[in-house]
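> need a structure here:
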Amino acid sequence: DPSTMKMPGQNMANHGMMAQPTIDPKDAEYFPYDLTGMGAGPFGLLLVDQLEYRLNDRDDLFRWDAEGWYGGDVNRFWFKTEGEQTPQGPSAGRAEIHGYYGRLITPFWDAQIGLRYDQLWEPGGDSSRFFAAIGVEGSAPYRFEVTPTLFISKDGDFSARFTATKDYRITQRLITQGRFETEIAARDVPTFGVGDGFNYVELGLRLRYEIRREFAPYIGVNWERKLGETASLARQGGEDPDVLSFVAGLRLWF
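Numbering: from 1, shown residues only. Coordinates of the predicted model:
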């Protein structure tokens, strides 16, 4: 009886985008079997990993970071966006929008190729740029979720970004998430505050409480240090290259 049949992984817990497979497509990133005959057509997921206010001794920020996908077990469309906005004073901020075709290459790993659009707004004027992008996203050993991506702009500027996160479950509802991110660029792009070499290192630690698995408020700390030429450009623009923030926000998924 298909309605009562237990499949491998059906009862295993899912704690993130790249978690252990389950039957329910809302709870699973991958399922290594063909579900077409069981009526499971295309499905999707939207994860808002960060929707937060960052409080620091300089300019506070409202920050978001979200991603989602729609498709089947092998081929998917991926959508990602992140950015920040100053809540006080003259309007200033930045946003990124990514769109990718993703294909499952091994269990828990997607290859992705697509486009990235950057928008920067500040009192002095707005700027924008496009990139072609290629990368992978998946679950590394010890359940680290990693995303290395290579970008090339329409002007031929190469850069690469690496992001890694890991959840540590304290109780059934209380989870700590560690996050690391860094970026490297091949040459200066002063309009966007980017210098050649390593641009920054960012470390975050967030403690969330899952009222429901889909709805979790959190608090934490986030530290960002701009490096090299990028730090010099930040100082020239009146910014502090070393920022420690206290954060409070929500983590949501649908």
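> what stretches of the chain score poorly on pLDDT?
Low-confidence segments of the chain (pLDDT under 70): 1-40.
> Which strand in it has the most residues?
For the chain, the strand with the greatest residue count under DSSP state E is strand 125-140.
> buried ones in it?
For strand 125-140, burial by neighbour count (16 or more other Cβ atoms under 10 Å) applies to Arg129, Phe131, Ala133, Gly135, Glu137, Gly138, Ser139. In short, each C-beta sits where N, CA and C put it, glycine included.
> Quick one: those as TSV, columns for distance to Val194 too.
Formatted as TSV, the buried residues of strand 125-140 follow (distance: Cβ to Cβ, whole Å):
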residue	distance to Val194
Arg129	10
Phe131	12
Ala133	16
Gly135	18
Glu137	23
Gly138	27
Ser139	30
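> and Ser232, that's in a strand?
No. Ser232 sits outside any strand when classified using DSSP: H, G, I helix; E, B strand; the rest coil, being helix.
> following the longest strand of the chain, which helix or strand comes up?
Remark: after strand 125-140, the chain's next helix or strand is strand 144-153, criterion DSSP states H and E.
> If you count contacts, what does that next one end up packed against?
Packed against strand 144-153 by the contact rule (3 or more Cβ pairs under 8 Å, 6 or more residues apart in numbering; DSSP states H and E) you find strand 125-140, strand 158-169.
> Let me know whether Ala132 touches Asp155 as I believe.
No. Using Cβ atoms under 8 Å, Ala132 is not in contact with Asp155; the gap is 11.7 Å.
> Mutual contacts of those two, please.
Common neighbours of Ala132 and Asp155 are not found (criterion: Cβ atoms under 8 Å, 6 or more residues apart in numbering).
> Give me the packing partners of whichever strand or helix holds Trp69, helices and strands only.
Per DSSP H and E, Trp69 falls inside strand 61-71. Contact here means 3+ Cβ pairs under 8 Å, 6+ apart; on that basis strand 61-71 packs against strand 43-55, strand 75-85, strand 242-253.
> mind giving me a markdown table with these and columns for distance to Arg116 and mean neighbour count?
Formatted as a markdown table, these follow (distance: least, Cβ to Cβ, whole Å; neighbours: other Cβ atoms under 10 Å):
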| stretch | distance to Arg116 | mean neighbour count |
| --- | --- | --- |
| strand 43-55 | 18 | 18 |
| strand 75-85 | 8 | 17 |
| strand 242-253 | 22 | 17 |
